[in-house]
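Asks: Dropping a prediction and its sequence here:
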Amino acid sequence: MPKPNLLFVDTAWRNNLLPLTHTRPTALLRCGILCLGQKWEMRMGTRASYLSHPSVAAVYPTEITHDNLLVNPLFMPNPTLVSAVESLGMGQVLVHGPHAIAARVDKEMAKGWGPELGAKLHPRDYSHPIPCVRQLWHLFQENKGQIAQDYELLTQGRLSAPAHESCTLIGDQIFIEPEAQVINCSLNSIDGPIYIGAQAQVLDGALLRGPVALGQGAVVNMGAKLRDATTIGPYCKVGGEVSNSIMTGYSNKGHDGFMGNSVLGHWCNLGADTNTSNLKNDYGNVSIYHIHSQQYMDTGTQFCGLFMGDHSKSGINTMFNTGTVVGVSANIFGGDFPPKFIPSFSWGGASGFVNYRIDKALEVAQRVMERRQLNLGPQEMALLKNLHQQSLSHPL
C-alpha cells in the first residue's frame, strides 16, 4: 500500500522563530545533526515538501496529492511518535494537549489547511513527552539530546572510517564518514558522541568535546575548541571557541573569538575576534527581542547568546550582548556593543545604522554564494527584495 504524501506545515510558532524563518520553512531549521524535516524523512522513509508561509512558498514549493500527511516538524520524532503518526486514518489528527502534531487529509483540505479545518478532524491523543522547538533558544537547548538521537539514527549498523594515527581519541562514540580528513586533533566522546560528516576537515590542534556534530564539508580550523552540544552545519568554517551553538549551514566563524548558546543561519560571517556574550553580569535571565510582536521577552534562561538571520555579517572585534537578535542581510561593525535587536538590512553599529541598499545586498549575497559554486536564484532574490521592503518601515 503506498505511503501518504508527506507535507511539513508551518504553524503560528513560525513567528517565534524569526529571523531564521524569514528565509526558510520551520522544517529546515537545524537541531542536532539533521534539520527537523530530515529527521522525519529518515524515520518515515520518504521525502517531503512544504506547506509553508506565503513569504517563502515560492522558494519551497508544495506537492499535494489525494492522500496527505501533514506534520508540524517542530515536534521532533522518535520511533513511538512516528508509529502514532503513521497509524493515522483519513480525517484524523494527532494532538499533544492543545497542539496538533500531524493530520491525515485529502487534497481539498490540504489546499485550504488552517486551524479551523483541524478542528473538524477526529482527534487522537498523544500523551508521551516530545522534544519541541517553540522559541529560538529551544534550538540550542535541545541540541545536546538531538545530536545523540541523530547519531544513533545515522550510524546504526555502520562502521566508522578510521581516524588518522596522529589523532587522540577518547571514548567509543566517534563516527567519521568517508572522505573526511581528521588529523592531529583531540576527539573526546566520553560525555556524548562526535559525528564528522563526509568531506569534513578537522585540522591540527583542534579540540572537540562531544556531543559535537560536523556536517558535510565543514571545516574546523587549527586550534579551534568545540565544546559540548555544538553543531557545525554543512560547509561551515569554524575557529576559536564555540559552546552549545548551531551554525545552520554555509556560514563562517573562521577566527578566534567566543560564541556560546547561539544560532546562525546560512551565509553568515563573523569577523575575526567577534565575541558573543551568553551570560549577564548579574546572572539573571536573558531577554530577547521578539520580532513578530516587536517586544522584548524573558527567555527564562541564564545562558543565551546571538541569533543571526541569513546573509548577515560582523566586522572584526564586534561585541554582541547577551540575547542579541540580528535580522537578515545586516552588516555590523565598529566598537562598543550594538543594540540587542538589529533589523534586517541594517548597516552600522553602536553609533547608529542606515538601511543597506538592496542592490548592494543582493550583489554581496550572489558573490558569497558563487564562492561555493551556488547561485542566488530569482525566487530567493524576490524573497530578499520583499524582506528589504518590509525593513524600510522599521525605524533604525
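Replies: Yes, it's here. Numbering: from 1, shown residues only.
Asks: how's this structure carved up into domains?
Replies: Domains of the chain are assigned by automatic domain parsing as 5-134, 152-391.
Asks: remind me which residues of the stretch 51-200 of the chain are low pLDDT?
Replies: Scanning the stretch 51-200 of the chain for pLDDT under 70 picks out 116-117.
Asks: what's the single longest strand in the protein?
Replies: Criterion DSSP state E: the longest strand present in the chain is strand 99-105.
Asks: Using CSV, write out the CA atom coordinates for that one.
Replies: Extracted in CSV, the C-alpha atoms of strand 99-105 (Å, rounded to 0.1, in the frame of the first residue of the first chain):
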residue,chain,number,x,y,z
HIS,A,99,-1.4,21.3,19.8
ALA,A,100,-1.7,19.4,16.6
ILE,A,101,1.3,17.2,15.7
ALA,A,102,0.0,15.6,12.5
ALA,A,103,-3.1,15.2,10.4
ARG,A,104,-4.1,13.0,7.5
VAL,A,105,-6.3,14.8,5.0
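Asks: What residues sit buried inside that strand?
Replies: 99-105 (16 or more other CB atoms under 10 Å). The way it works is simple: take the backbone N, C-alpha and C, and place the C-beta from them, glycine included.
Asks: mean confidence for stretch 255-267?
Replies: Stretch 255-267 shows a mean pLDDT of 98.
Asks: Flag every buried residue along that stretch.
Replies: 255-267.
Asks: Save these as a markdown table, and put in secondary structure and distance to residue 368 too.
Replies: What follows is the buried residues of stretch 255-267, written out as a markdown table (DSSP: H, G, I helix; E, B strand; the rest coil; distance: CB to CB, whole Å):
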| residue | secondary structure | distance to residue 368 |
| --- | --- | --- |
| 255 | coil | 17 |
| 256 | coil | 22 |
| 257 | coil | 20 |
| 258 | strand | 24 |
| 259 | strand | 20 |
| 260 | strand | 25 |
| 261 | coil | 26 |
| 262 | coil | 20 |
| 263 | strand | 19 |
| 264 | strand | 14 |
| 265 | strand | 13 |
| 266 | strand | 10 |
| 267 | coil | 6 |
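Asks: quick one on the thing from earlier: packing partners for the longest strand of the chain?
Replies: Here strand 99-105 touches strand 68-71, helix 79-86, strand 92-96, helix 115-118, going by 3 or more CB pairs under 8 Å, 6 or more residues apart in numbering; DSSP states H and E.
Asks: which one of the ones you listed is the most hemmed in?
Replies: With neighbours defined as mean count of other CB atoms under 10 Å, those peak in mean count at strand 68-71, which reaches a mean of 25.
Asks: Adjacent strands (with direction) for the longest strand of the chain?
Replies: Applying DSSP bridges, strand 99-105 is found paired with strand 68-71 (antiparallel), strand 92-96 (antiparallel).
Asks: So what pairs up with the closest residue in space to residue 155 that isn't next to it in sequence in the strands?
Replies: Once flanking residues are discounted, residue 155 sits nearest to residue 175: 4.6 Å by CB to CB, 6 or more residues apart in numbering. Beta bridges link residue 175 to residue 195 when assigned by DSSP bridges.
Asks: Go ahead and confirm residue 175 touches residue 196.
Replies: Yes. Look at residue 175 against residue 196 with CB atoms under 8 Å: they come within range, at 7.0 Å.
Asks: Looking at those two, which is more packed in?
Replies: Each of residue 175 and residue 196 has its neighbours counted (other CB atoms under 10 Å); residue 196 has more, 28 against 19.
Asks: got a list of what the more buried one touches?
Replies: The contact partners of residue 196, by CB atoms under 8 Å, 6 or more residues apart in numbering, come to 174-177, 180, 182, 202, 214.
Asks: and those, which two are the farthest apart?
Replies: The largest separation in those, counting by CB to CB, is between 175 and 202 at 12.9 Å.
Asks: before we move on, back to that, would you mind giving the domains of the chain as CSV with distance to residue 146 added?
Replies: Shown next, in CSV, are the domains of the chain (distance: least, CB to CB, whole Å):
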stretch, distance to residue 146
domain 5-134, 3
domain 152-391, 9
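Asks: out of the ones you listed, nearest to residue 141?
Replies: domain 152-391 (7.3 Å).
Asks: a markdown table for the contacts of residue 196, including distance to residue 3?
Replies: Formatted as a markdown table, the contacts of residue 196 follow (distance: CB to CB, whole Å):
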| residue | distance to residue 3 |
| --- | --- |
| 174 | 34 |
| 175 | 29 |
| 176 | 33 |
| 177 | 28 |
| 180 | 33 |
| 182 | 38 |
| 202 | 38 |
| 214 | 32 |
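Asks: Name the residues that touch the longest strand of the chain?
Replies: 4, 11, 67-72, 75, 81, 85, 88-95, 113, 117-118, 121, 126, 130.
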